[in-house]
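# no sequence for this one, just the structure:
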DNA sequence: GCTGTAACTGGAAGCGCTTCCAGTTACGTG
DNA sequence: CACGTAACTGGAAGCGCTTCCAGTTACAGC
C-alpha cells in the first residue's frame, strides 16, 4: 500500500553514509578502477543498507546512453502487426536483449502521427539504437534514421537501399529450395503465386523460383501476383487455373497465400498433391493446419529477431558486425 | 550518410540566438504563461532556424517524468507470447498511446532475469507507469509494482488481489451467454471444458457456465479441466466422452480448446452441431477456421489494450478513473 | 509624478549521475 | 631518506532541462 513510497536514496546519500566522496561511490558502482578495497566495501555496505539503485535518467543524461533500443514496425496497416510474424520477432529480440541491460521500446509507426513521434524520439536521442522492419518503398523512416546517425539494424533488406547492417532470411535460397523440390517430384508445369512485386521479399522469392526453373531447364509456367494474404492467394490461384489449367504444381511465396490456393484447388476439384503439388513459404504455424498440411520453406523468425538485437548491441558497442542472412530449409508435409 | 551528425542544439544556444534567457526559452517551449509575444516569436524563430528539439533525457531528469510506460507480460513460457492475443493487446495499447506523447516499453518478463530487469526498471523510475498482464498466481511482480508506488493498470484481474485499476473482459457474462445459448438450443446435457482452475479467467468462465446452468434449472453435466491450448482441449474432450458419453453440448472456455474438442468429436464420429453443439470463447481468428466454424463468445482484445492504456494515462495524470469491464457478445457460426 | 499591481524576465539552484583533474597518500627504489 | 611512480581520492564541472524567485518593466489609477 505504501501510500508514500520513500524517495529512493541518491548517490550523494550513499557516499555520505559510506564516508567517501560521491565520485568514489560512483566508481564503485561502475566497477571503475582505482578504488581501494576499503572504499569499495564501505560503499557496497551503504548501498545494501540503503537499498540504493542508481537513477536511470540521471545516468542517461550523464552518459548520453538511455539503455533503451527501439523496434520500429512501419506499415500503413496497423492490423498487419497482428500477424504472428511480428510476435515471433519480438520474442527473438526480447530474449536477446534479456542478456544485456537494454530495454525494448516498441513503435508501431503506421499513421503519420506515429511516424512523427518516432522521428522525434530518434532526434531527441530517446534511444540508443533502432531495429527497423516492414518498411515499404520510399519509407521516410530510413532517411530519418540515417540522418540521425543512430545505430540501426534492418530486418529484411529494404528496396533500393542496402543498409549498413541488416539481418535477412535467405529468401532467394528458400524459393529455390521450394522450386527444386517440385522439380525433383517430377513436376514440370510449375506456376508461382508471388507476393507484392513492389516489396523486396516479393521480388526475391520470385527470383528464386525463376532461377530454379531456368536451372532445371524448365520454363516458368504461369505467374500471378498475390499480396501475401490468404484472400490474395485464393484470387491468384483462381487466375492461374484460368490461365494455365494444366499446371501441376504451385509455389506460393507465403503460407497464407498457399492456404488460400489450397482452398481454391479443393473447390476446383484438384487433388493435392496428386494433381497439383503446393509448396509455401514461412512455416509460421498455419502450415500445419491446412488441409493437407503444407510442405513449406521454414524460416526462423525468432532467430531473425534475436540476431537483429545481437547485431544492434554490437553496433552500439562500437563493433562492426557483418550483416547476416539466415538459412531457410524445406519442411516436407503433405502438400508436395 | 552524415558521418558526423551535428550535435543537436541545446536550449542555451536557442536562448542565446533569440537573445533571451534560457528560462524564457524554456517557458516558450512548454507553453507556460508570462511570456511576451516578442519573446515567444524570437524563440520560435530561433527554434525553427536551428531545428531545435528538447533533449528527452534532460527533460526527464528535471521533470521526473520519462514519457515512457511499460507493458509487462509476465509468464513462464515465452512462447505464450506468440499467441495472437498479445499482439492484439499491443495494437490496442499502441493506438491509444499514439494520441499522447508517451512511448511504449515492452517487457516480456518470463525468466527470473527478465523479472529482475523489470523490477530494476521500476525501482529506478525508468517508466512513468505500467500495464500488467498474464500474471500467474503469486507473481512477485504485483508486489513490486505496489511497492514502487507506480501508476499501474492490470489487464484482467489477478487472483487473490483486487487491483486499484484494471480492465477486464466480461468473462462471467460471456460464459453465461455461451451456456444460455446452448440451453436455448434445447440442449440439456451440457458439459464444459475449463481453463486452468488456478487462473482467474479459468475460474470465472467456469462460474459463468455453472450459474447459467443453475438458472436454467439444469445440472452441470461433466467438467474437464484443460489448459487453454488445443491439445489440452482435445484431451479434455476425450475425457468427457469417456465420462459422459451422452453429452449433447460443450462449452469450451477458449477457442483453442474448442478447436481441439472439435477434432476429437470428429474422430469420435459425433456430428457438430447435430449430435454435439460446441461454443468457444475468445473469437481470435482461429474460430473462423475450424470445421465447422466455431460459435463463440467474442471479446475485443484490442479494446482491452486500448482501455488499459487510456486508463494508465489518466492515472498518471492524477485522475482516478473507474475500473472497466468490457462487454462480450455471442458470435453465431456453425458449431452451435 | 508617484504608487501598486501585474506581466514579464533572467539568474541560479536544482534533477542525480559521470568524469576530468589536481591533489593526496602509499610504497618500492637508489 | 629523498624521490618517482602508481594508486587512490574528492572537488568541481559538466550533461540539458525545468522552475523558483527576486528583480525589472509597463502601465493604469490616483
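Right, received. Where do you want to start? Fair warning: this is a prediction, and the values are worked out from it, not measured in the lab. Numbers count the residues shown, from 1 in each chain, chains lettered A, B, ... in the order given.
# So residue A:335 belongs to a strand, correct?
No: in this structure, residue A:335 is coil, not part of a strand, as judged by DSSP: H, G, I helix; E, B strand; the rest coil.
# Number of residues surrounding it?
The local packing of residue A:335 (other Cβ atoms under 10 Å in any protein chain shown) involves 26 other residues. (Each C-beta comes from the backbone N, C-alpha and C, glycine too.)
# wouldn't it be in contact with residue A:291 here?
No: counting by Cβ atoms under 8 Å, residue A:335 stays clear of residue A:291, with 9.1 Å between them.
# Quickly list what's touching both of these two.
Listed contacts common to residue A:335 and residue A:291 are residue A:262; contacts here mean Cβ atoms under 8 Å, 6 or more residues apart in numbering or on different chains.
# is it true that residue A:113 touches residue B:101?
No: with contact defined as Cβ under 8 Å, residue A:113 does not count as touching residue B:101 (10.3 Å).
# ranges for the helices of the stretch 101-250 of chain A?
For the stretch 101-250 of chain A, the helices defined by DSSP state H, counting those that start in this stretch cover A:112-123, A:140-148, A:171-184, A:200-215, A:230-243.
# want to throw the ones you listed into TSV with distance to DNA strand C?
Formatted as TSV, these follow (distance: least, Cβ to the nearest atom of the strand, whole Å):
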stretch	distance to DNA strand C
helix A:112-123	20
helix A:140-148	22
helix A:171-184	42
helix A:200-215	40
helix A:230-243	52
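# can you tell me which of these the model trusts least?
The weakest mean pLDDT among those belongs to helix A:140-148, with a mean of 81.
# Specify the angle between that helix and helix A:112-123 in degrees.
Interaxial angle of helix A:140-148 relative to helix A:112-123 (axes from the mean of the first three to the mean of the last three Cα atoms, to 10 degrees): 20 degrees.
# how close does the closest residue to residue A:224 other than its chain neighbours sit to residue A:277?
Take residue A:224 and drop its neighbours on the chain: the residue closest to it by Cβ to Cβ, 6 or more residues apart in numbering or on different chains is residue A:236, 3.7 Å away. Going from residue A:236 to residue A:277 by Cβ to Cβ, to the nearest Å gives 16 Å.
# Between those two, tell me which one has more neighbours.
In this view residue A:236 and residue A:277 are compared by other Cβ under 10 Å, and residue A:236 has more residues nearby, 27 against 21.
# quick one on the thing from earlier: out of the helices of the stretch 101-250 of chain A, which one sits most buried?
Comparing the helices of the stretch 101-250 of chain A by mean neighbour count (mean count of other Cβ atoms under 10 Å in any protein chain shown), helix A:171-184 ranks first with a mean of 23.
# Make TSV out of the helices of the stretch 101-250 of chain A and add distance to residue B:224.
Listed next are the helices of the stretch 101-250 of chain A as TSV, based on distance: least, Cβ to Cβ, whole Å:
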stretch	distance to residue B:224
helix A:112-123	45
helix A:140-148	50
helix A:171-184	41
helix A:200-215	44
helix A:230-243	33
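# Would you tell me which of these gets closest to residue B:318?
Closest to residue B:318 of the helices of the stretch 101-250 of chain A is helix A:112-123 (Cβ to Cβ; 23.1 Å).
# Could you list the residues in contact with that closest one?
Here helix A:112-123 makes contact (Cβ under 8 Å, 6+ apart) with A:70, A:72, A:74, A:105, A:107-109, A:126-127, A:130, A:140-141, A:144-145, A:148, A:150, B:8, B:53, B:56, B:94, B:98, B:101, B:103.
# hmm, back to that, for DNA strand D, which of the helices of the stretch 101-250 of chain A is the nearest?
Nearest of the helices of the stretch 101-250 of chain A to DNA strand D, taken as Cβ to the nearest atom of the strand: helix A:112-123 at 11.0 Å.
# Run through the residues of the stretch 201-336 of chain A sitting next to DNA strand D.
Within the stretch 201-336 of chain A, no position lies close to DNA strand D (Cβ under 7 Å from any atom of the strand).
# ok, the residue of the stretch 201-336 of chain A at minimum distance from chain B - contacts?
Residue nearest to chain B within the stretch 201-336 of chain A (Cβ to the nearest Cβ): residue A:289, separated by 7.3 Å. Neighbouring residues of residue A:289 by Cβ under 8 Å, 6+ apart: residue B:289.
# switch to 10 Å and redo it
With contact set as Cβ atoms under 10 Å, 6 or more residues apart in numbering or on different chains, residue A:289 has these partners: A:255, A:259, B:230, B:259, B:286, B:289, B:290.
# In three-state terms, label the fourth one for me.
Recorded secondary structure, residue B:259: helix (three-state DSSP).
# For the residue in the stretch 201-336 of chain A positioned nearest to DNA strand C, give me the backbone phi and psi.
For the stretch 201-336 of chain A and DNA strand C, the shortest gap (Cβ to the nearest atom of the strand) falls at residue A:318, measuring 13.8 Å. Reported as degrees, to the nearest 10, the phi and psi values for residue A:318 are phi 90, psi 10.
# The residue nearest to residue A:224 against residue A:191, yeah?
Yes: between residue A:236 and residue A:191 there is a contact at 9.3 Å, judged by Cβ atoms under 10 Å.
# what's the overlap in contacts for those two?
Both residue A:236 and residue A:191 are in contact with A:222, A:223, A:224, A:250, A:252, A:261, where contact means Cβ under 10 Å, 6+ apart.
# Surely the last one touches residue A:236?
In other words, residue A:261. Yes: Residue A:261 is within contact range of residue A:236, at 7.1 Å (criterion: Cβ under 10 Å).
# any shared contact partners between the two?
Listed as contacting both residue A:261 and residue A:236 by Cβ under 10 Å, 6+ apart are A:191, A:193, A:224, A:226, A:250, A:252.
# Enumerate the residues of the stretch 1-150 of chain A near DNA strand D.
So far as Cβ under 7 Å from any atom of the strand goes, the stretch 1-150 of chain A lies against DNA strand D at A:19-24, A:27, A:33-39, A:58, A:61-62, A:64.
# Now do stretch A:320-331: distance to the chain's middle.
Relative to its chain's centre, stretch A:320-331 lies at 12 Å (Cα atoms, centre = their mean, to the nearest Å).
# Find the residue closest to the residue of the stretch 101-250 of chain A found nearest DNA strand D in space, skipping its chain neighbours.
Closest approach between the stretch 101-250 of chain A and DNA strand D, counting by Cβ to the nearest atom of the strand: residue A:124, at 7.9 Å. Closest residue in space to residue A:124, ignoring its immediate chain neighbours: residue B:56 at 4.4 Å, by Cβ to Cβ, 6+ apart.
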